[in-house]
Each structure stands twice: as structure tokens, then as C-alpha cells.
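Visitor: predicted structure and sequence below. I'll ask about it afterward.
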Amino acid sequence: MRSVFILSTLTAIVPSLGGIALARTPLANLKREVENIYILTLKDEVALEDFKPTLISGLSNPGSAVIYDLGILNALVVTLHPVDIAFVRGSTDVELFEQDQIASISESFELGSHRPQASARPLGKRESCPEPSFIEGGGKSVTIYNIGTGVKTDHECFGGRAKWGKVFGNYNMTDDSGHGTHSAGIAIGNYYGVARGANVVAIKGKWAELSYYFGSMSNALAGVNYACEEFKKQDFPPSIIYLPMHGGGSKAWDSAINNCAKMGMHFVVSAGNSDNDAKGYTPAQIPIANTIGAINSTCYKAPHSNFGSIIDAHALGVDITSAGIGPGSNATKVASGTSLAA
């Protein structure tokens, strides 16, 4: 499995603004936009600490404000009243002005719903795929930043190796859907995981008004910034950022992941569950990320899995048993999706 390779590789790694001048900054067209929220990526030569106060002083409507200060990524997430949009887009210090968008978690099916059957796209000729393997204590000293719905950190399978990092948005520090707990169990769980010596840090950023399986790209981007900050503070230990969501193309995301990866962070992302070419899906299409598609137990592509030349590897992603959030501290859940293959 790709995740085994990535974790074993990581264990070897030792590893000024005077005023806002006017000029037109292109507006990227994103899918399923979030109203009034924008991502501002600054030019490399522009210092965020200089730009931010000038921006704030120039906003005319009290409904406009900075939501997230993404220092590592040299970007801001802002809410803007329509009267302030022209002012911000006119800044020559802004490299890219993007409207926020909705991202979906790449988990398609759960036990009791439609069970995917073998696809017409074979990825191997075996009657069955090899069983996932693991090295006892594999992934020791590796940190996985799980960005999504949160993690039930007191689940027995984690053995104290899962903890909370940060929540973005006014949400509880709980995994309401079970997706984050399930995926963390696949990564490090004592009963289910392939890297049973690794640690997980939970970062939550879903939108309460929507399904548990949806969130904003800006919340996830803030999670990436937080993980990169922690990575830097801790002197760049072997680390992975796991991103199970997908949305429309985003140059802001391209920039963010590339900047963080240059520091030595590894990214593992899901291909998406639309049975389409993964090109055009963010963050799956970003070349430096490890993009994972899903197969079933006979090594056929799962019907829901995205595909294409940007897929780096495939792994089992159909009817996967892992940790759940049900009653007690040892609940299980069966689910399918490219986020579980990743």
C-alpha cells in the first residue's frame, strides 16, 4: 500500500507595504463557492505582517474582516462585504484573489448502503489483492496531521497516540461523523492500522450548517497552515498531512501545498469519489502530493474512485473496517472511499 511506503520513507528522513496600490488581480473561478469569503495569497516579496494592518485599515464595511492569518502560507482568509471587494482586488500585493469553496470528504459508502462491485477497469490480474502488511512499530516518531472531521482520540486502538491539535470554525472538539476516527484507525490503529507506531494529530474544519461530510476549503487551508507551523516549531520531524477532501481547482491550494512541501512535509490526498479523471480536483491534482485512488479486494478500481495519470498509487478502499465513534471506546465502522485508501 502507498501509505506503508510513505510512512517507511519518512522514518528515514532527517529531515514592506506602504499602501495598497490599484491594479486588477484576477479572480479564480471555483466550484460551489462560499458566499463573501475569500482567500488572498500574497506575492512572495510582500510581508504578511505589513500587509494585514493596511488591509484592515482600508476596509470600509464592518462586515469585512480577517478570519484566518495564514503566516506560513503567506495568505489571509477574509470575509468581505461587496463594497470592499474592488478595494482588495485592486491591491498589487495580492498574487491571487480566490473565493472560498465547499469541499467534500472522499468517503462514498458505508455498511448498509450500496456496496461497490468490481469495476470494468482492472488494475491487476490477481483473484485477490495482497493483504495489507505492516512492520511492528512502523512509523515510529512519524506525525500524521489528520485534517477533516476530527478524531475520537480516546478510542482504544490508538493507545494514547492520537491527540487534538486545533479546531477551525465554531465547532466542538469531537468527531461528529466518524470519518476522521475511521481514517486515523486505518493509519495508526493497533487493530486496523499499517503504521502502528505513528501518531495522529486531529485538525477539524467542517461546516456545521452542512453535512458532516462537507467543509470549507478555507478551514482546511487553515488546518494545513497550522500543521506546517507545528512542523516548523518542532524542527521538521518526519510528518505527513492527510487531506481526505476534494473540491474544484485552486491556485491558492497549489501554492500552499507547494510551500509547505518545500519545508519537508509530505502530503497524502484522496483522488476523489466521482469516477472522473482526477485532474481538476483539488488537492488531488497537485503534483507534489501523493494522490491515492481506491481498489476493491480483487484489485479492480472501485466504481466511485477517480482515476487518471495523476494517480500515484491505488490501495484498498472498499468495505474497510476501522475505528468508529459508536458507544464505548472500541467501536468499529465499515466504510468505503478514496479517503480510506489514502
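Guide: Yep, it's here.

Visitor: spell out which helix or strand contains N172, please.
Guide: Using DSSP states H and E, N172 is not contained in any helix or strand.

Visitor: G63 and L40, how far apart?
Guide: 17 Å (C-beta to C-beta, to the nearest Å). No exception for glycine: its C-beta is placed from N, CA and C like everyone else's.

Visitor: alpha carbons only: can I get stretch 46-53 in PDB?
Guide: Provided in PDB are the C-alpha atoms of stretch 46-53 (Å, rounded to 0.1, in the frame of the first residue of the first chain):
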ATOM      1  CA  VAL A  46       5.100  41.000   0.400                       C
ATOM      2  CA  ALA A  47       5.300  40.600   4.200                       C
ATOM      3  CA  LEU A  48       2.000  39.500   5.700                       C
ATOM      4  CA  GLU A  49       2.600  41.400   8.900                       C
ATOM      5  CA  ASP A  50       2.900  44.600   6.900                       C
ATOM      6  CA  PHE A  51       0.000  43.900   4.500                       C
ATOM      7  CA  LYS A  52      -2.500  42.900   7.100                       C
ATOM      8  CA  PRO A  53      -2.900  46.200   9.100                       C
END
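
Visitor: give me the contacts around that stretch.
Guide: Contact partners of stretch 46-53, identified using C-beta atoms under 8 Å, 6 or more residues apart in numbering, comprise 16-17, 42, 66, 69-71, 74-76, 91, 93.

Visitor: got the buried residues for it?
Guide: Neighbour counts over stretch 46-53 (16 or more other C-beta atoms under 10 Å) mark 46, 48, 51-52 as buried.

Visitor: then stretch 233-244?
Guide: 237-244.

Visitor: span of stretch 231-247 from start to end?
Guide: 25 Å (C-alpha to C-alpha, to the nearest Å).

Visitor: what about it, distance to the chain center?
Guide: 9 Å (C-alpha atoms, centre = their mean, to the nearest Å).

Visitor: cool, stretch 256-272 as well?
Guide: 9 Å.

Visitor: same question for stretch 75-83.
Guide: With C-alpha atoms, centre = their mean, you get 22 Å for stretch 75-83.
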